[in-house]
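K.L.:
One predicted model, sequence on top.
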Number of protein chains: 2
Amino acid sequence: MVSKPPPDATRRSEKSRRAIYAAALSLVGEVGYPRTTVEGIAARAGVGKQTIYRWWPSKADVLLEAFLDLSRQAAQEAGQEPYAIPDTGDLAADLKAVLRLTVDQLLDPRFEAPSRALAAEGLVNEPLGREFVTKLLEPQLQLYVDRLRAAQEAGEVRAGVDCRIALELFVSPLAQRWLQHTGPISYDYTDTLVEYALHGIASQPPRSA
Amino acid sequence: MVSKPPPDATRRSEKSRRAIYAAALSLVGEVGYPRTTVEGIAARAGVGKQTIYRWWPSKADVLLEAFLDLSRQAAQEAGQEPYAIPDTGDLAADLKAVLRLTVDQLLDPRFEAPSRALAAEGLVNEPLGREFVTKLLEPQLQLYVDRLRAAQEAGEVRAGVDCRIALELFVSPLAQRWLQHTGPISYDYTDTLVEYALHGIASQPPRSA
């Protein structure tokens, strides 16, 4: 068992950690990923460079944790458990509720600039893109997989549907509109995506149903 | 009426135009949008800078036309009409066919690096992103709108479905997997997206049907 640091040191560490997260997010949003440095983050956070290197091996790792922390905060502010999608037994209602929260988050200025900067870098820097997908995006998508599988077991989703693909029918359109400015995003829009994804757009039932 | 240039001049112009398109696409794929310059494109294409400025006001305009030309070429090589989605009367088959072509194009190395570079810039450079969406992406998406509306008139798609949103159920997942490396792309994958989008993933019919 690791012995706890004294309360004062813990408070100081926590304060530094918060300052470093805030500095990392604001800096990457302002100057982009390539020009964000550990030195720049340290200067803006008012800590020594060695304080950052003591906790994280690289700027990518600082940013990854800063984003994870931002997601946790957003969930808490919305009165939600982080890392869970509610299961009220009504799949459509649960998906609509969580997508409405995502709309709020995407339109939150604290989130917008740093997320865009990181996503842009991920498009052209494949190792970084893959790391952030693996550690940040994919765990969030797995929450949808879990919720859809529960619905499948309850008979709400057709047997045989691949839940990892199915979630993309409502998650990816929202992501693309936000990322590429291909259209406005709103609660109406995400509600509509859920309806279409659940019930399809065809007037005929599937031939295999 | 504008008088035609003599045939030799036309051939020379056409050769320069092709060289400029190829130079612009390869350069942006190698060094990214911010470091691509008209001077750099001219040097690589073996033409004078003034030749480029005679035809296009900026590097963004050269790139826009270079991408439009690339899409036309890809359609022709696949034996397709550019700017049309076939209408055989079978919506699922037509959508699957055109998405399979898109998979081929996304995996084509001529397309990959320049498209990624441009998309990355569009995420953080909103005016450029919006210009390319308006001139390049949205006209392609409108082809899906047209095909879905025809299906709606034929009774294959539910009345009341918003076709501009509906197309995103299969287009956006493919775009996100390709852009963000969130999963492999294949014919099987896009076929599955079409099935899910048309017939939904729920085991119950929509309450409003």
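P.N.:
Received, thanks.
K.L.:
Skipping adjacent residues, who's closest to A:Thr148 in space?
P.N.:
Not quite, residue A:148 is Leu, not Thr. Nearest residue to A:Leu148, sequence neighbours excluded (CB to CB, 6 or more residues apart in numbering or on different chains): A:Cys163, at 3.9 Å. Where you see a C-beta, it was placed from the backbone N, CA and C, and this is true even at glycine.
K.L.:
Endpoints of stretch A:54-65, how far apart?
P.N.:
14 Å (CA to CA, to the nearest Å).
K.L.:
how about that stretch, does it get close to chain B?
P.N.:
No: using CB under 8 Å from any CB of the partner chain, stretch A:54-65 never reaches chain B; the gap is at least 15.2 Å.
K.L.:
contact partners of that stretch?
P.N.:
A:17, A:20-21, A:24-25, A:28, A:33, A:36-38, A:41, A:52, A:114, A:118, A:128, A:131-132, A:135-136 (CB atoms under 8 Å, 6 or more residues apart in numbering or on different chains).
K.L.:
Would you mind giving the domain segments of chain A?
P.N.:
A:1-58, A:83-209 (automatic domain parsing).
K.L.:
Please tabulate these in JSON lines and include mean neighbour count and distance to B:Ala9 as additional columns.
P.N.:
Below are the domains of chain A laid out as JSON lines (neighbours: other CB atoms under 10 Å in any protein chain shown; distance: least, CB to CB, whole Å):
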{"stretch": "domain A:1-58", "mean neighbour count": "15", "distance to B:Ala9": "44"}
{"stretch": "domain A:83-209", "mean neighbour count": "18", "distance to B:Ala9": "39"}
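K.L.:
Would you reformat the ones you listed as a markdown table and include mean pLDDT?
P.N.:
Below are the domains of chain A laid out as a markdown table (pLDDT from 0 to 100):
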| stretch | mean pLDDT |
| --- | --- |
| domain A:1-58 | 87 |
| domain A:83-209 | 91 |
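K.L.:
export those to JSON lines and tack on distance to B:Ser186?
P.N.:
Supplementary listing: the domains of chain A in JSON lines, determined by distance: least, CB to CB, whole Å:
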{"stretch": "domain A:1-58", "distance to B:Ser186": "30"}
{"stretch": "domain A:83-209", "distance to B:Ser186": "11"}
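K.L.:
one step back: the contacts of stretch A:54-65 in helices, which ones?
P.N.:
Of the positions in the contacts of stretch A:54-65, A:17, A:20-21, A:24-25, A:28, A:38, A:41, A:52, A:114, A:118, A:128, A:131-132 sit in helices, assigned by DSSP state H.
K.L.:
which of those residues sit farthest apart?
P.N.:
With CB to CB as the measure, no two of the ones in helices among the contacts of stretch A:54-65 lie farther apart than A:Arg17 and A:Leu128, at 22.2 Å.
K.L.:
Tell me the residue of chain A that sits nearest chain B?
P.N.:
With CB to the nearest CB, the shortest gap between chain A and chain B falls at A:Gly200, namely 3.2 Å.
K.L.:
Which helix or strand contains A:Ile165?
P.N.:
helix A:163-166 (DSSP states H and E).
K.L.:
Report all helices and strands that the helix or strand following that helix contacts.
P.N.:
Next in sequence after helix A:163-166, counting helices and strands by DSSP H and E, comes helix A:168-180. Here helix A:168-180 touches helix A:91-106, helix A:187-199, helix B:109-124, helix B:168-180, helix B:187-199, going by 3 or more CB pairs under 8 Å, 6 or more residues apart in numbering or on different chains; DSSP states H and E.
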